[in-house]
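In: whatever this is, show me its structure:
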Amino acid sequence: MKYVTFYDQNGQLRTGAATDRGVVDVSEAYSMHDIIAGGAGLRLEVEAYAANASVVLNESELNYGPCVPQPQKIICVGLNYRKHAEETNAPIPQYPILFNKFNNTLTGHGHDVVLPRVSDQVDYEAELVMVIGKTAKDVSKEEALDYVFGYCCVNDLSARDLQMRTQQWLLGKSCDGFSPLGPYLVTADEVGNPNELDIKCIVNGETRQHSNTSDMIFDCDEIVSYISRHMTLVPGDIILTGTPEGVVLGLPEDKRVYLQDGDLVTIEIEKLGSLTNRMAAER
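Out: Modelled structure (predicted):
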């Protein structure tokens, strides 16, 4: 099943179940966190609730929010695609490179992302996100994906000049709106193997990144297991699994054109839909 969040006319964030008929507002009975943490039994309840609903909303008219609106943790894996590491002349990591982002970076499909005045090197990064559905501590690789509720798209926007200013990447990764997330949160059963998915980034109609999640250095099950050995993962935590080759940073210096005011960036991942946001200069 696919889930979304959206804002109503009063600016309140609502939770919806995406069906063949349209989106059913399930907020009176369930929050997104309820659905993520509630287990298989609750998800069956939500599906029945949506199937019996008489009122459905048109997806094209929704004002989307981030599909996971309040994660406790946003954990990111750097340099996790072999060809991306090669294009940036970085050594292949021996262990997952972890960093974090914050909730201020979250925004929804269709929203403008403000390009901060303090950077002129904002880059795109198409990434697959795992959403944790059960508390996970010290889990094995073999059982790791049992703890994943579902998957979604993210654009891990990165201000390269801020990112490279020091040895810590956080500053360049955590500007407001730098993690558009969604539009859909798709349950794991509908996705299957997360390391067999086509992934793209399209800027103004031009494909800039096109790869497959099979190029990950550390597969999704390895990532969940590794993180869980060092910290407890809880329902609603999101893990950004890295980006493939094709980013602006990977181009020769004289050919790098970073994101500009008005650029339209779309992230597409097989089975997860398309996430589109327009870049807007800070006024």
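
In: would you map the helices across the chain?
Out: Residue ranges of the helices in the chain, as given by DSSP state H, are 32-37, 39-51, 82-87, 160-163, 170-173, 188-191, 220-228.

In: how about low-confidence regions in the stretch 1-150 of the chain?
Out: Along the stretch 1-150 of the chain, segments meeting pLDDT under 70 are nowhere present.

In: again, only this time at 90
Out: The model of the stretch 1-150 of the chain has pLDDT under 90 over residues 54, 88-90.

In: hang on, the earlier thing: redo the helices of the chain as TSV? Include mean neighbour count.
Out: All C-beta atoms are positioned from the backbone trio N, CA, C, and that covers glycine. Putting the helices of the chain into TSV (neighbours: other C-beta atoms under 10 Å) gives the following:
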stretch	mean neighbour count
helix 32-37	20
helix 39-51	14
helix 82-87	17
helix 160-163	19
helix 170-173	20
helix 188-191	15
helix 220-228	21
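
In: would CSV of those with distance to residue 64 be doable?
Out: Formatted as CSV, the entries for the helices of the chain read as follows, by distance: least, C-beta to C-beta, whole Å:
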stretch, distance to residue 64
helix 32-37, 12
helix 39-51, 18
helix 82-87, 28
helix 160-163, 27
helix 170-173, 22
helix 188-191, 19
helix 220-228, 25
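
In: out of these, flag the one nearest residue 210.
Out: The minimum distance between residue 210 and these falls on helix 82-87, with 10.9 Å, by C-beta to C-beta.

In: helices or strands up against the closest one?
Out: Contact here means 3 or more C-beta pairs under 8 Å, 6 or more residues apart in numbering; DSSP states H and E; on that basis helix 82-87 packs against no helix or strand.

In: list the beta-bridge partners for residue 186.
Out: Taking DSSP bridges as the rule, residue 186 bridges to residue 2, residue 151.

In: report the contact partners of it.
Out: For residue 186, the contacting residues are 1, 2, 150, 151, 152, 271, 272, 273, by C-beta atoms under 8 Å, 6 or more residues apart in numbering.

In: same thing with residue 230?
Out: Residue 230 sits in contact with no residue, where contact means C-beta under 8 Å, 6+ apart.

In: just to check, residue 234 is in contact with residue 132?
Out: Yes. Counting by C-beta atoms under 8 Å, residue 132 is a contact partner of residue 234 at 6.6 Å.

In: correct me, but residue 175 touches residue 161?
Out: No. In this structure, residue 175 is not within contact of residue 161 by C-beta under 8 Å, at 11.6 Å.

In: find residues that contact each of the two.
Out: The overlap between the contact sets of residue 175 and residue 161 (C-beta under 8 Å, 6+ apart) consists of residue 119.

In: contact partners for residue 55?
Out: With C-beta under 8 Å, 6+ apart, residue 55 has these contacts: 24, 25.

In: more crowded one of residue 234 and residue 132?
Out: Legend: neighbour count by other C-beta atoms under 10 Å for residue 234 and residue 132, higher for residue 132 (27 against 17).

In: can you tell me the distance between the two ends of stretch 181-192?
Out: Here the two ends of stretch 181-192 are set 20 Å apart, with distance taken as C-alpha to C-alpha, to the nearest Å.

In: just how off-centre is it within its chain?
Out: Averaging C-alpha positions (C-alpha atoms, centre = their mean, to the nearest Å) puts stretch 181-192 10 Å from its chain's average.

In: check stretch 186-199 too.
Out: Between the mean C-alpha point of stretch 186-199 and the mean C-alpha point of its chain there is a distance of 13 Å (C-alpha atoms, centre = their mean).

In: just stretch 3-20 next, same as before
Out: Per C-alpha atoms, centre = their mean, the displacement of stretch 3-20 from the mean C-alpha position of its chain is 18 Å.

In: quick one on the thing from earlier: in CSV, list the contacts of residue 186 along with neighbour count and distance to residue 46.
Out: Compiled in CSV, those are given as follows (neighbours: other C-beta atoms under 10 Å; distance: C-beta to C-beta, whole Å):
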residue, neighbour count, distance to residue 46
1, 18, 7
2, 20, 11
150, 27, 13
151, 25, 18
152, 28, 17
271, 15, 20
272, 26, 19
273, 19, 19
